[in-house]
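Asker: After the sequence you'll find the predicted model.
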Amino acid sequence: MPKITAITSQKKKPSRYNIYLDEKFAFGIETESLLKRNLKIGQDLTQDEVKEITKEDKIGNLVNKSLNFLSYRPRSQSEVEVYLAKKIADAEDVKFSQAKQSPIIIQVIDKLKKYKFINDYEFAKWFVQSRLRTNPKGSKVIIMELRRKKIDQSIIDKVQNTFPDQKSQALKSLKKKLEKFRKFPEPIFKSKVYMYLGSRGFDSETIRETIAFLEKKR
């Protein structure tokens, strides 16, 4: 049975330790796992214990990296899954498509969801508000973006009910362009408004209502 013969801290990552079994490097481990397992020199480890420890450490390491990834802004579950797959692909020198199949991703995601670091409904609400606040877009574009992020349709249906009046959003979106557009004759003005709002994801009915409203103000 392999015996722990040395435990040394890593120079580049002081929070990680190198574990040597029978005078040979066996694996690296985080301080938390080291203390949790109460590993010490002279301790015997079975091969099953080594596998369990390294697996637990790998999950913990990926959880920590995910928390750092999540610290910059909210993320959808799909975004975190892609992030984890990239990390695994780099660490194990495998293709991204292969890394995506790793069962460890599911385990990491489960831990993050358990402690509410990932919540697609909360993410969707944040995403909608950020899109409406910074650079207003129509509901069609926002819904399409949410689908790209693999947000479940039932969640999209819920947040869709929180969308503000589309005409007011269209007018808000036009704010920086309106002065320029008003310099054109009416047919061109209407065409410019229609194309711009269409490119921003507003539906035809909203665009017609907005144009009718603006015409009254000309």
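Answerer: Yep, that arrived. None of these values were measured; they are calculated from a predicted model.

Asker: For R16, give me phi and psi.
Answerer: Per-residue torsions, R16: phi -110, psi 150 (degrees, to the nearest 10).

Asker: Surely I7 is within a helix?
Answerer: No: assessed with DSSP: H, G, I helix; E, B strand; the rest coil, I7 is strand; it does not lie in a helix.

Asker: And for the helix or strand where V128 lies, what's in contact with it?
Answerer: Taking DSSP states H and E as the criterion, V128 maps to helix 120-134. Contacts to helix 120-134, defined as Cβ atoms under 8 Å, 6 or more residues apart in numbering, come from residues 74-77, 137, 141-142, 145-146, 149, 151-152, 155-156, 158-159, 162-164, 169. Heads up, the C-betas are built off the backbone N, CA and C, glycines and all.

Asker: which of the residues in it are buried?
Answerer: Residues of helix 120-134 classed as buried: D120, F123, A124, K125, F127, V128, R131, L132 (neighbour count, 16 or more other Cβ atoms under 10 Å).

Asker: Now do the same contact list for the residue nearest to I118 when sequence neighbours are not counted.
Answerer: Excluding the flanking residues, the one nearest I118 by Cβ to Cβ, 6 or more residues apart in numbering is L112, at 4.5 Å. The contact partners of L112, by Cβ under 8 Å, 6+ apart, come to V63, S66, L67, L70, V80, I118.

Asker: so which strand or helix has L112?
Answerer: Following DSSP H and E, one finds L112 within helix 103-114.

Asker: Also compute the angle for that helix relative to helix 120-134, please.
Answerer: 70 degrees (axes from the mean of the first three to the mean of the last three Cα atoms, to 10 degrees).

Asker: Restricting to C-alpha, output helix 103-114 in PDB.
Answerer: Output of helix 103-114 as PDB, limited to C-alpha atoms (Å, rounded to 0.1, in the frame of the first residue of the first chain):
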ATOM      1  CA  PRO A 103     -19.200  13.800 -15.600                       C
ATOM      2  CA  ILE A 104     -17.300  16.200 -13.400                       C
ATOM      3  CA  ILE A 105     -19.000  19.200 -15.100                       C
ATOM      4  CA  ILE A 106     -22.400  17.900 -13.800                       C
ATOM      5  CA  GLN A 107     -21.000  17.500 -10.300                       C
ATOM      6  CA  VAL A 108     -19.500  21.000 -10.300                       C
ATOM      7  CA  ILE A 109     -22.800  22.500 -11.700                       C
ATOM      8  CA  ASP A 110     -24.800  20.700  -9.000                       C
ATOM      9  CA  LYS A 111     -22.600  22.200  -6.200                       C
ATOM     10  CA  LEU A 112     -22.900  25.700  -7.700                       C
ATOM     11  CA  LYS A 113     -26.700  25.300  -8.100                       C
ATOM     12  CA  LYS A 114     -27.000  24.000  -4.500                       C
END
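
Asker: and it, average pLDDT?
Answerer: Helix 103-114 shows a mean pLDDT of 95.

Asker: Name the residues of that helix that are buried.
Answerer: I105, Q107, V108, I109, K111, L112.

Asker: Can you pull up the most central residue in this structure?
Answerer: R75 (2.8 Å; Cα atoms, centre = their mean).

Asker: correct me, but it touches N68?
Answerer: No: using Cβ atoms under 8 Å, R75 and N68 do not qualify as a contacting pair, with a distance of 11.4 Å.
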